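> Predicted model and sequence follow; I will ask about them next.
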Amino acid sequence: MPTAPVTPSPNLTIEAIVAVETPREFRLHPRDRTVACTAEAAGTRQLFTLSLRGGALTQITASEKPVSDPQWSPDGRRLAFVRDEEIWVIEVDGSRLSRVVAKPGRGREPRWSPDGHRIAFLSRRRGWTQLWLIDAPVPRRGRPANEPKSPRPLALTESGIDIDAFEWSPDGARMAVMSQRQRDDLETSQISIVDIATRASRIVAGERSRDVGARWLSDGSLLFMSDADGWFQVVRLTADGHDRIVLTAGEREHGEPGGTVGNVALPSPDGSRFVHIEVHDGLQDLIVGELAATQPPKRGRGRPPKRPRTVSAAAAGSRINPWDGVWRSVGWLADGAWVAAIGERETAPQDLWLLPVPGVAPEGSRPRQVTDSMPAVLRDALAPARAAAGERVAVTARDGLRIEGTLFRPQVATGKRGGKRVPTVIWAHGGPTAQSFRMFLPFKQLLAAQGFAVLDVDFRGSTGYGRAFRQANHDEWGHADVQDLVDAARWAATQPWSDGRSAVYGGSYGGYMVLCALVEEPAMWRAGVDLFGDSEIAESYRHGDRVGRLDLHRMMGSPEDPARTDVYRRGSPVYRAERIEAPLLILHGRKDKRVVPLMTERMVEALEIEDKTYEVHWYDEEAHGWERRENRRDAFERALAFLKTHVLDEPAE
């Protein structure tokens, strides 16, 4: 007997989905069962603390400007944080607020020394992202001075090299520094050990690979991720630097190129275990493995070789996340029996969980959710009976490459007799060195409720599929990668649930892909929605920020190289605007430094010259994306109305 179609919930609205504000940037107290985090309050993000035993958030700051990156002092009595490019320290009870790093020098990513006497931070005060040290405020000693003198910071790394991340050694004498030092090979990333007393530096990993996310163990060895075998694996470098012990194996990613917080391997407090990610099918698991039995075999006699030998010690670990989703580690509790982690999925926003470690946590321990960010009205709207379930699909590109993605379609679009046929929105992610994880992006569910199928496409250049796939878009921006989108759209149009109509939607690099798709296969599309995307990549190289410029240089070379002229021109859709047939919506922030407003201005000029159908809207106070809730709401409303008008042929309201 056929199942009656489910009516989408009237509670699934743009107003509802932009009201979801989750706590972020969870940081574990060094000893207590407490976390610090940032959360929305009074129109901006403030600093809070929360007991892991339960209870309400306690607000620590009351700032007009957003607070980010809280960091506990080793004694757990103070918190450092960033506000308006300055570094501040505050007592956990909200008293004694001190500014440590002021403008115009700027500072970010404050990290306390193990003894709590100094704070390391990153700053571009000399035009490069260098690592700096500064004395920390002395806590609770007498009456504070009326005009306290700020200590002077000291640069620990040289100029000419941008530092990506760093980590104090347990003894406070050294620093593991992650950076890109080999300018002739931008596909590598190095880990260096810097002696704090002498500032002497030596590279210990990454000379031939991308090595990121270093974390110290108590014996002086390092855990990090390396793609030396073509996939990110977790590696332990012994304290003497003579052996690299590879702890994971197989054609799955156990890290990501940036080595970002939440995606790095973390050793347990006693050094017996480690937790790491494992990426598959648009999901991310947390795996706990053993470290105690990873000592390398003994060497023979004689002088050790100049390069570390590589030893495999991979063993199966235990998955600790309770359900499929996108999970990131926050840290280990002091007893080593629990891992604090953030989990999210298509129908649930990210929240903090405590996950028991098999064999260590008390028998019968179960995962426990600490925060709950889902409004009740959306919980009902995104219940399994109403939500569009993500389906993994694979498409063979025209050159034979396997392209994977996730499909969301209305429940009425069954693909069977009596089912409804619907149009498809091809969703292009940003980056391009990123992927479309199956995370909480409820606008996709809203599109499905409005009668669209949504197909996420991990085009070549995406992460999660190994180094060869990640580098397959080199010299191919706006060409082979956009052909992957076109091939995915062709596949979708032939499915029994599809009515053959297609639109394309994306932000940042995804917005650039929208423009490229419209000029690559103009007759295919009914509409395009470009959010702050490039239109002329040589000009974007010259005008955008350093991070974006290096990213472009890594994959496409320099536009000043005559040998690169043709691929840069081919990858710039502004020069083929006359080919566009579909109506186009463009949204951009006036303060964007990654993809500067010039990119949309150039595209609008070309659209005007060619007399194309388009709409453009600017957000004066936004940069690369939408921070303000009213702008997120406005952007979703414009995009939905545009797609309904030009794809579903519904009259504009």
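It's in.
> isn't there a strand covering Lys284?
Not quite, residue 284 is Gln, not Lys. Yes: applying DSSP: H, G, I helix; E, B strand; the rest coil, one finds Gln284 inside a strand.
> Run a quick neighbour tally on it.
26 (other C-beta atoms under 10 Å). For glycine as for every other residue, the C-beta is placed from the backbone atoms N, C-alpha and C.
> do the same with Ala517
Using other C-beta under 10 Å, Ala517 has 30 other residues around it.
> For the residue nearest to it when sequence neighbours are not counted, give the beta-bridge partners.
Leaving aside its sequence neighbours, Ala517 sits nearest to Val504 (C-beta to C-beta, 6 or more residues apart in numbering; 4.8 Å). Using DSSP bridges, the bridge partners assigned to Val504 are Ile426, Gly528.
> who's in contact with Val504?
Listed by C-beta atoms under 8 Å, 6 or more residues apart in numbering, the contact set of Val504 reads 425-426, 428, 485, 489, 513-514, 517-518, 525, 527-529.
> Arg392: what secondary structure?
strand.
> So what pairs up with it in the strands?
Beta bridges link Arg392 to Thr406, judged by DSSP bridges.
> check contacts around it.
Counting by C-beta under 8 Å, 6+ apart, Arg392 has contacts Asp281, Gly282, Glu404, Gly405, Thr406, Leu407.
> Okay, now the unreliable bits of the stretch 51-200 of the chain?
Residue ranges of the stretch 51-200 of the chain with pLDDT under 70: 139-150.
> Okay, strands next: where are they in it?
Ranges of strands in the stretch 51-200 of the chain, per DSSP state E, counting those that start in this stretch, are 58-59, 67-72, 78-83, 86-91, 98-101, 108-112, 118-123, 130-135, 154-155, 163-168, 174-179, 190-195.
> I'd like those strands as CSV, with distance to Arg549 and mean neighbour count appended.
Shown next, in CSV, are the strands of the stretch 51-200 of the chain (distance: least, C-beta to C-beta, whole Å; neighbours: other C-beta atoms under 10 Å):
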stretch, distance to Arg549, mean neighbour count
strand 58-59, 39, 14
strand 67-72, 24, 21
strand 78-83, 24, 23
strand 86-91, 26, 21
strand 98-101, 26, 19
strand 108-112, 19, 20
strand 118-123, 18, 22
strand 130-135, 18, 20
strand 154-155, 23, 14
strand 163-168, 15, 21
strand 174-179, 16, 22
strand 190-195, 20, 20
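> Kindly reformat these as JSON lines containing distance to Leu587.
Output for the strands of the stretch 51-200 of the chain, formatted as JSON lines (distance: least, C-beta to C-beta, whole Å):
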{"stretch": "strand 58-59", "distance to Leu587": "33"}
{"stretch": "strand 67-72", "distance to Leu587": "25"}
{"stretch": "strand 78-83", "distance to Leu587": "28"}
{"stretch": "strand 86-91", "distance to Leu587": "31"}
{"stretch": "strand 98-101", "distance to Leu587": "35"}
{"stretch": "strand 108-112", "distance to Leu587": "28"}
{"stretch": "strand 118-123", "distance to Leu587": "31"}
{"stretch": "strand 130-135", "distance to Leu587": "35"}
{"stretch": "strand 154-155", "distance to Leu587": "40"}
{"stretch": "strand 163-168", "distance to Leu587": "30"}
{"stretch": "strand 174-179", "distance to Leu587": "34"}
{"stretch": "strand 190-195", "distance to Leu587": "38"}
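> Looking at those strands, which is nearest to Asp634?
The minimum distance between Asp634 and the strands of the stretch 51-200 of the chain falls on strand 67-72, with 24.3 Å, by C-beta to C-beta.
> Which neighbouring elements make contact with the closest one?
strand 24-28, strand 34-41, strand 44-51, strand 78-83, strand 108-112 (3 or more C-beta pairs under 8 Å, 6 or more residues apart in numbering; DSSP states H and E).
> Quickly run through the sheet partners of that strand, with directions.
Going by DSSP bridges, the partners of strand 67-72 are strand 78-83 (antiparallel).
> any chance of the helices and strands packed on strand 67-72 in TSV, with distance to Arg307 too?
Formatted as TSV, the helices and strands packed on strand 67-72 follow (distance: least, C-beta to C-beta, whole Å):
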stretch	distance to Arg307
strand 24-28	36
strand 34-41	41
strand 44-51	45
strand 78-83	38
strand 108-112	30
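> Those strands: which one's closest to Arg564?
Per C-beta to C-beta, nearest to Arg564 of the helices and strands packed on strand 67-72: strand 108-112, 32.7 Å.
> Adjacent strands (with direction) for that closest one?
strand 118-123 (antiparallel).
> chain center to the strand it pairs with: distance?
How far strand 118-123 lies from its chain's middle: 23 Å, per C-alpha atoms, centre = their mean, to the nearest Å.
> out of the contacts of Arg392, which are buried?
Gly282, Glu404, Gly405, Thr406, Leu407 (16 or more other C-beta atoms under 10 Å).
> before we move on, the earlier item: which one of the contacts of Val504 has the most neighbours?
Met513 (34 neighbours).
> Could you list the alpha-carbon positions for whichever strand or helix holds it in PDB?
Here Met513 sits within helix 509-520, counting by DSSP states H and E. The C-alpha trace of helix 509-520 is given here as PDB (Å, rounded to 0.1, in the frame of the first residue of the first chain):
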ATOM      1  CA  TYR A 509      34.700  29.600  -4.700                       C
ATOM      2  CA  GLY A 510      31.300  28.100  -5.200                       C
ATOM      3  CA  GLY A 511      30.000  31.500  -6.400                       C
ATOM      4  CA  TYR A 512      32.900  31.500  -8.900                       C
ATOM      5  CA  MET A 513      31.800  28.100 -10.000                       C
ATOM      6  CA  VAL A 514      28.300  29.400 -10.500                       C
ATOM      7  CA  LEU A 515      29.500  32.000 -13.000                       C
ATOM      8  CA  CYS A 516      31.800  29.400 -14.700                       C
ATOM      9  CA  ALA A 517      28.900  27.000 -15.100                       C
ATOM     10  CA  LEU A 518      26.700  29.600 -16.600                       C
ATOM     11  CA  VAL A 519      29.200  30.300 -19.300                       C
ATOM     12  CA  GLU A 520      30.400  26.700 -19.800                       C
END
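> tell me what that helix is packed against?
Partner elements for helix 509-520 (3+ C-beta pairs under 8 Å, 6+ apart): strand 422-428, helix 480-493, strand 498-507, strand 527-531, strand 584-589.
> Can you tell me what sits against the longest one?
For helix 480-493, the surrounding residues in contact (C-beta under 8 Å, 6+ apart) are 393, 395-399, 401, 403, 405, 407, 424, 426, 428, 432, 453, 455, 457, 459-461, 472-473, 498, 500-502, 504, 513, 516-517, 520-521, 524-525.
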